[in-house]
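>>> coords below, sequence missing:
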């Protein structure tokens, strides 16, 4: 079997597993179910992935890549650092609410017992902090933002975003939540101290 065909089968397994994990969760999903969903035997799955954990890792990587691509596309239309930050936050929340597997790894402490997933989760959080820090640094370089420490501020922003994820994911009408995000960003941009 050629390399291209092997890659296609791996992608097929990941795409199918993604739906099953989203429906039943990591714990209840079996490799048998994943194999049946693509009309293959369990041994065929193990030819491409060593374990259910490795399949899940592939699913998470794919969802995170999708999230990063959507954010990058949204940011291309923004020039001002403050609009880039607003776009980053709103795009992240909107896309993340549709990525149930990646979202689960960010929220669910169960995954702490899976060393590989915990390692991925930490790496993704670091990457997010670095992405926000780049926007903040751009604002600093342009004289738009003022902060003593872009890394601490970026970490704070990601921490606040993580606190908002559950409400965002559960909301049927996101307009009110988007207003709250915009109000939070206005406080961030303009402060809460009355200007003299």
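That came through, no problem. This structure is a prediction, so every number in the text was calculated from the model and none was measured.

>>> Least confident secondary structure element in this structure?
helix 100-107 (a mean of 62; mean pLDDT, DSSP states H and E).

>>> helix or strand right after that helix?
Remark: after helix 100-107, the chain's next helix or strand is helix 115-141, criterion DSSP states H and E.

>>> Just give me how far that next one sits from the chain centre.
11 Å (C-alpha atoms, centre = their mean, to the nearest Å).

>>> Can you report phi and psi for the residue lying closest to residue 136 once chain neighbours are set aside?
Spatially, and ignoring its direct neighbours in sequence, residue 136 is nearest to residue 150 (4.3 Å; C-beta to C-beta, 6 or more residues apart in numbering). C-beta here means a position set from N, CA and C on the backbone, and glycine is covered the same way. When read as degrees, to the nearest 10, the backbone of residue 150 gives phi -70, psi -30.

>>> for residue 150, what are its contacts?
133, 136, 137, 140 (C-beta atoms under 8 Å, 6 or more residues apart in numbering).

>>> Let's see that with 10 Å instead.
129, 132, 133, 134, 135, 136, 137, 138, 139, 140 (C-beta atoms under 10 Å, 6 or more residues apart in numbering).

>>> which regions of the protein lie under the pLDDT threshold?
For the chain, applying pLDDT under 70 flags the ranges 1-2, 101-117, 169-171, 192-196.

>>> how does the protein divide into domains?
Annotated domains of the chain cover 1-49, 52-190 [automatic domain parsing].

>>> and the longest one, how far out from the chain's middle?
Between the mean C-alpha location of domain 52-190 and the chain-wide mean there is a distance of 7 Å, by C-alpha atoms, centre = their mean.

>>> start to end distance for it?
Terminal residues of domain 52-190 are spaced 48 Å apart (C-alpha to C-alpha, to the nearest Å).

>>> Tell me where this structure has helices.
3-28, 31-37, 42-48, 52-76, 81-96, 100-107, 115-141, 150-170, 175-190 (DSSP state H).

>>> Pull the residues that contact the last one.
It stands for helix 175-190. The contact list for helix 175-190 (C-beta under 10 Å, 6+ apart) reads 81-83, 85-86, 89-90, 93-94, 139, 144-145, 153, 156-157, 160-161, 164, 167-168, 170-171, 174, 192.
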